[in-house]
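> Just a sequence and a predicted model for now, questions to come.
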Amino acid sequence: MHIDLDFQAHLEARFGAKFILSEILTGGDINSVFRLKSQHLSYVLKLNEAELYPDLFQKEANGLKELTTSKTIDVPKVFGYGEFDTQTYLLIEYKRSGIKKEGFWEDFGHQLADLHKMSQSTFGFKENNFIGSLPQFNEPEQTAADFLIQQRLKPQFQKAQQLGYDFEPLDAFFKTIKPLIPEESPALIHGDLWSGNYLINSKNQPCLIDPAVAYAPREMDLAMMKLFGGFDDKLFQAYHESFPLQSNMKNRIPLWQLYYVLVHVNLFGGGYYRQAQDIINRYL
């Protein structure tokens, strides 16, 4: 995937600016990512194969816009998305980097809590989207437990079984975990909040990128943040001050993390299989 003269002309006509390729950026596992400059602005251009992921960037754009609408935490502005030739693309704002000043983690915790206070009547989202390159399902559910089981865990277990990874006994597992899930209102969550999906912007504040949004149990974001680390305890303390968590959250963390571990099983293979089975066994 590349930017040839025809594609550059398409972008310039579409967005009304003359672009200069500034640098190649890291793009995760599936995208090619570039930094573009115009006379006044810098942009991030993400590219992928239209045949493989025809609506991936549309979903990402909608997620970024949903986070922006909350007016709680910084998110790159979306300029547009589309297709050209065999490529699909997304053009968003380039965020200049700041530094992690004193109080950064506390600000992050308070802002994340404010994001999670955004709610709607049902769990889910207006559309299905993606987590990484995998479909993520957001059909409406009335309870947090049903959302976790029906929209998060079951599709990933089914995908894993298609790949040859068997998990037992799932019926008993689902029955056991259902009463452990606290009843709270749906929260607007980032959905894939590991340490690679936030930036420090030029105002030295957190900025969220690459979302997999839903109105979901808020503890899912917090559990994902603890799965691979990279977040200071001051963030979680500030979060709890702003939006106190229900008791025994520590005992639920592996349960929320199971979804993300299963995603890794399905994306990267069996190295995560034992970790997923260990979480299941923990609750049986």
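Right, received. Where do you want to start?
> Now do the contacts for the spatially closest residue to Arg282 that is not a sequence neighbour.
Nearest residue to Arg282, sequence neighbours excluded (CB to CB, 6 or more residues apart in numbering): Pro254, at 5.9 Å. Where you see a C-beta, it was placed from the backbone N, CA and C, and this is true even at glycine. Contacts were defined as CB atoms under 8 Å, 6 or more residues apart in numbering; by that measure Pro254 touches Ala223, Ile279, Arg282, Tyr283.
> Am I right that Pro254 is in a helix?
Yes. Counting by DSSP: H, G, I helix; E, B strand; the rest coil, Pro254 is part of a helix.
> gap between it and Asp210?
24 Å (CB to CB, to the nearest Å).
> so Asn62 sits in a helix?
Yes. Assigned with three-state DSSP, Asn62 falls within a helix.
> Can you tell me the closest non-neighbouring residue to it?
Nearest to Asn62 is Glu127, by CB to CB, 6+ apart, at 6.8 Å.
> count of neighbours near that neighbour?
A count of neighbours around Glu127, defined by other CB atoms under 10 Å, yields 12.
> what sits against it?
For Glu127, the contacting residues are Lys59, Asn62, Asn138, by CB under 8 Å, 6+ apart.
> now, which of these sits nearest Trp194?
Nearest to Trp194 among these is Lys59, at 18.5 Å by CB to CB.
> quick one: that closest one is in a strand?
No. Counting by three-state DSSP, Lys59 is not found in a strand; it is helix.
> okay, the residue nearest to it when sequence neighbours are not counted: pLDDT?
The shortest distance from Lys59 to any non-neighbouring residue, by CB to CB, 6+ apart, is to Asn129 (4.0 Å). If you check Asn129, the pLDDT there is 98.
> So what's the residue count around Asn129?
Neighbours around Asn129, by other CB under 10 Å: 22.
> start at 55 instead
In the new numbering, first residue 55, that becomes Asn183.
> And it, how far from Gln112?
Look at Asn183 and Gln112: by CB to CB, they are 9 Å apart.
> just Ala67 next, same as before
From Ala67 to Gln112 the distance is 20 Å (CB to CB).
> Then Leu299?
Counting by CB to CB, the gap from Leu299 to Gln112 is 34 Å.
> quick one, helices of the stretch 155-304 of the chain?
158-170, 198-200, 208-216, 224-231, 273-281, 287-296, 303-322 (DSSP state H, counting those that start in this stretch).
> Same list (the ones you listed) but as a markdown table, adding distance to Ile78.
Listed next are those as a markdown table, based on distance: least, CB to CB, whole Å:
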| stretch | distance to Ile78 |
| --- | --- |
| helix 158-170 | 28 |
| helix 198-200 | 41 |
| helix 208-216 | 31 |
| helix 224-231 | 43 |
| helix 273-281 | 28 |
| helix 287-296 | 31 |
| helix 303-322 | 23 |
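> Let's have these in TSV, adding mean pLDDT and distance to Phe73.
Converted to TSV, the helices of the stretch 155-304 of the chain look like this (pLDDT from 0 to 100; distance: least, CB to CB, whole Å):
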stretch	mean pLDDT	distance to Phe73
helix 158-170	98	32
helix 198-200	98	45
helix 208-216	97	38
helix 224-231	96	50
helix 273-281	98	34
helix 287-296	98	36
helix 303-322	97	32
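> nearest to Gln329, of those helices?
Short answer: helix 303-322, nearest of the helices of the stretch 155-304 of the chain by CB to CB, at 5.2 Å.
> Now do the closest one and helix 287-296, the angle between them.
Computed by axes from the mean of the first three to the mean of the last three CA atoms, to 10 degrees, the angle separating helix 303-322 from helix 287-296 equals 120 degrees.
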